[in-house]
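Q: Need coordinates for the following:
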Amino acid sequence: MREIQAEKQVLDTNTNELVLDGGYPVPKAAEGFVVPDNNSFGRSFRDYHAESERNQTVEEFYRTQHINQTYDFVQRMRKEYGVLNRVEMSIWECCELLNEVIDDSDPDLDEPQIEHLLQTAEAIRKDYPDEDWLHLTALIHDLGKVLLHPSFGGLPQWAVVGDTFPLGCAFDEANVHHKYFKENPDYKNPAYNTKNGIYSEGCGLDNLLISWGHDDYMYLVAKKNKTTLPSAALFIIRYHSFYPLHRGGAYKQFMSEEDKENFKWLLIFNKYDLYSKSKERIDVEKVKPYYLSLIKKLSSVDLAKLMMAALMPYGANV
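A: Prediction:
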């Protein structure tokens, strides 16, 4: 609990210094959202070592992910899945599709993913009632997990969810279950096994090849549909699972000055993304009108194309 409280204090301090894209000051967070003591299983958050059936599933997930996520694999996925030419779907339709999806990499929650989206969005809404762009970012940040659904090709869990990390440089020990990287073909590649690998310090996170999954996919959907959400929103969508960076402090040498500014927003978002996971259920029908009105409001100027994004790409043989 001390670790959680310490993190909360740092995040609250950061909010006093932030300025929204465009120069608008960020309001000081209210006391709306309270960090819970335990996750939905009654244990500490992100405890990957507690003995439980759930954690056995999580560890097996990371073993498979760490072995199979290679530089070549990610390049192929980005090429094949960046086409976005198969199906058009509204944001809320996509949220409802996640009713059928559970994330095997998550040690804190086993509820359908739409519950997590709304838990995150509602928690942020309490503390930042006027930052509607952040509410919408929370609602859509995990929509890429539809890649798990049979109608989107039914990709395996290891190719969609879990913590993300760069390829093309050494696997930092801040990565959860780091030991399994030793079986990854890139592990012994001399071009990839130094601290910076094929990259240079300060090159910017956008120049890194990040492990393939729902984060990068949803980022591609937003980017290729020319969304005008602020850069902080795109940063959150793409890097919210990059826990080695925002919890372990790894890979910071690659960050640009813009990354460092957007990173402040990610730290704020991460508090709600992680600590809102609980067995306290959201009344979907009660909050649905607000989010539908928010989608309509923002899509009229920002998300007209993203709202009907072609989320289903070419099927890939994984």
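
Q: Poorly predicted segments of this structure, please.
A: Along the chain, the model assigns pLDDT under 70 to residues 1-55, 86, 103-113, 276-280, 299-318.

Q: what's the following helix or strand after the biggest helix by length in it?
A: If you go by DSSP state H, the chain has its longest helix at helix 257-275. Downstream of helix 257-275, the next assigned helix or strand under DSSP states H and E is helix 284-299.

Q: Assess the claim that residue 259 and residue 207 are in contact.
A: No. Here residue 259 lies out of contact with residue 207, judged by Cβ atoms under 8 Å, at a distance of 10.3 Å. Using the backbone N, CA and C atoms, a C-beta is placed for each residue, glycine as well.

Q: These two - which one has more neighbours?
A: Using other Cβ atoms under 10 Å, the more surrounded residue of residue 259 and residue 207 is residue 259, with 20 against 14.

Q: before we move on, back to that, for the longest helix of the chain, list every residue counted as buried.
A: 259, 261-275 (16 or more other Cβ atoms under 10 Å).

Q: can you give me the helices in this protein?
A: Using DSSP H, helices in the chain cover 2-15, 53-68, 71-81, 91-97, 113-127, 132-140, 214-224, 231-239, 243-246, 257-275, 284-299.

Q: For the longest one, C-alpha coordinates in PDB please.
A: Output for helix 257-275, consisting of C-alpha atoms alone and laid out as PDB, is shown next (Å, rounded to 0.1, in the frame of the first residue of the first chain):
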ATOM      1  CA  GLU A 257      11.400  16.500 -25.500                       C
ATOM      2  CA  GLU A 258       7.900  16.000 -26.800                       C
ATOM      3  CA  ASP A 259       7.800  12.500 -25.400                       C
ATOM      4  CA  LYS A 260       8.700  13.900 -22.000                       C
ATOM      5  CA  GLU A 261       5.900  16.400 -22.000                       C
ATOM      6  CA  ASN A 262       3.300  13.800 -23.100                       C
ATOM      7  CA  PHE A 263       4.800  11.300 -20.600                       C
ATOM      8  CA  LYS A 264       3.300  13.500 -17.800                       C
ATOM      9  CA  TRP A 265      -0.100  12.900 -19.200                       C
ATOM     10  CA  LEU A 266       0.600   9.100 -19.400                       C
ATOM     11  CA  LEU A 267       1.500   9.000 -15.800                       C
ATOM     12  CA  ILE A 268      -1.800  10.700 -14.900                       C
ATOM     13  CA  PHE A 269      -3.700   8.300 -17.100                       C
ATOM     14  CA  ASN A 270      -1.900   5.200 -15.900                       C
ATOM     15  CA  LYS A 271      -3.200   5.800 -12.300                       C
ATOM     16  CA  TYR A 272      -6.700   5.400 -13.500                       C
ATOM     17  CA  ASP A 273      -6.000   2.600 -16.100                       C
ATOM     18  CA  LEU A 274      -4.400   0.500 -13.400                       C
ATOM     19  CA  TYR A 275      -6.100   1.300 -10.100                       C
END
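
Q: tell me the angle it makes with helix 113-127.
A: Relative orientation of helix 257-275 versus helix 113-127 (axes from the mean of the first three to the mean of the last three Cα atoms, to 10 degrees): 110 degrees.

Q: any idea of the angle helix 257-275 forms with helix 132-140?
A: Helix 257-275 and helix 132-140 are oriented at 60 degrees to each other (the same axes, to 10 degrees).

Q: Give me the helices and strands touching helix 257-275, please.
A: With contacts taken as 3 or more Cβ pairs under 8 Å, 6 or more residues apart in numbering; DSSP states H and E, helix 257-275 sits against helix 2-15, helix 113-127, helix 132-140, helix 231-239, helix 243-246.

Q: All set now, cheers.
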